[in-house]
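> Please find the sequence and the predicted model below.
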Amino acid sequence: MGHLDHAAFGWLTPVLSYAMACTGAALGLRCTVRALGATGRSRRNWLITAASAIGTGIWTMHFVAMLGFSVGGTEIRYDVPLTVLSLLVAMVVVCAGVFAVGYGPGRTRSLLLGGLTTGLGVASMHYLGMAAVHLHGEVTYDPALVALSVVIAVVAATAALWAALNIEAPVAVTVASLVMGAAVSSMHYTGMLAVRVSVTPSGEPLPGASAMQFVFPLAVGLGSYLFLTSAFVALSPTAGEREATASAQRPVETAAR
């Protein structure tokens, strides 16, 4: 059995991955709030942005955390197509969940359906990402901890979508995103605790790319996307702010006539 280290760089990767999860959650919640106050194409665009933010945040959280994952006695490399597929799965399934909430006919039913869909998508992304790991040995899982991680993912996704439907105040959104980030991180590390590795020493080269060759640059790029999009959303006026500005301009225009 190989020795597993989930924080090879100390607290750096857990803290940074948590920050990524919180950023994605906060941006996704703000965009969903904007979407629910909009109609037509504007609602669709805000929901797509929300889904890409949440999906990107979750994926980036997972792989930033994986930068700190090491197994004694073997190097680790990543299957590039599978890793990219895990990102696409995260975005597509989160998009389905967000749209279920944004366009669903019944709020409670849509929330439960969206939470289940999104949670299973998050879990699928995690284990698909783990399937992309190549090492000298065999990876197995503790079924009970795997099941627990899936439950955490579904509960976290449902709570996030509930927050998007019921929370509008910026401070409340911030608190909700911190809780959501903690839930996503908990799901990841619960899933990682389920991992068991039987190392088979070998001098054969492993296929795929190293974390620093592929995962790190991609995580940095997606992290930059999250922060830039967060700045754009923060600077974009809400529907209420635009309405207040228009109301303030009407008396001025009337007086000028």
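The structure has been received and is ready for your questions. Numbering: from 1, shown residues only.
> Next, name the residue at the spatial heart of this protein.
Ile58 (2.0 Å; C-alpha atoms, centre = their mean).
> Strands of the stretch 1-150 of the chain, start to end?
4-5, 70-71, 77-78, 133-134, 137-141 (DSSP state E, counting those that start in this stretch).
> In TSV, list the ones you listed along with mean neighbour count, distance to Val179 and mean pLDDT.
For the C-beta atoms, the positions are set from N, CA and C on the backbone; glycine is no exception. As requested, those are exported to TSV (neighbours: other C-beta atoms under 10 Å; distance: least, C-beta to C-beta, whole Å; pLDDT from 0 to 100):
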stretch	mean neighbour count	distance to Val179	mean pLDDT
strand 4-5	13	27	84
strand 70-71	20	29	88
strand 77-78	21	30	89
strand 133-134	19	29	90
strand 137-141	14	27	90
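> With distance to Thr190 added, can I get those in TSV?
TSV is the format used below for the strands of the stretch 1-150 of the chain (distance: least, C-beta to C-beta, whole Å):
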stretch	distance to Thr190
strand 4-5	14
strand 70-71	18
strand 77-78	21
strand 133-134	17
strand 137-141	11
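> Of all those strands, which one comes closest to Ala159?
strand 137-141 (25.0 Å; C-beta to C-beta).
> same for that closest one, what does it pack against?
strand 195-199 (3 or more C-beta pairs under 8 Å, 6 or more residues apart in numbering; DSSP states H and E).
> following the strand it packs on, which helix or strand comes up?
As assigned by DSSP states H and E, the chain's next helix or strand after strand 195-199 is helix 216-235.
> Give me the residues contacting that next one.
Residues from elsewhere that reach helix 216-235 (C-beta atoms under 8 Å, 6 or more residues apart in numbering): 20, 23-24, 26-27, 30-31, 34, 49, 53, 56-57, 59-60, 63-64, 67, 83, 87.
> Could you do stretch 95-102 as well?
Residues outside stretch 95-102 that contact it (C-beta under 8 Å, 6+ apart) are 28, 32, 35-36, 43, 47-48, 50-52, 54-55, 110-111, 113-115, 117-118, 121, 157, 161, 164-165.
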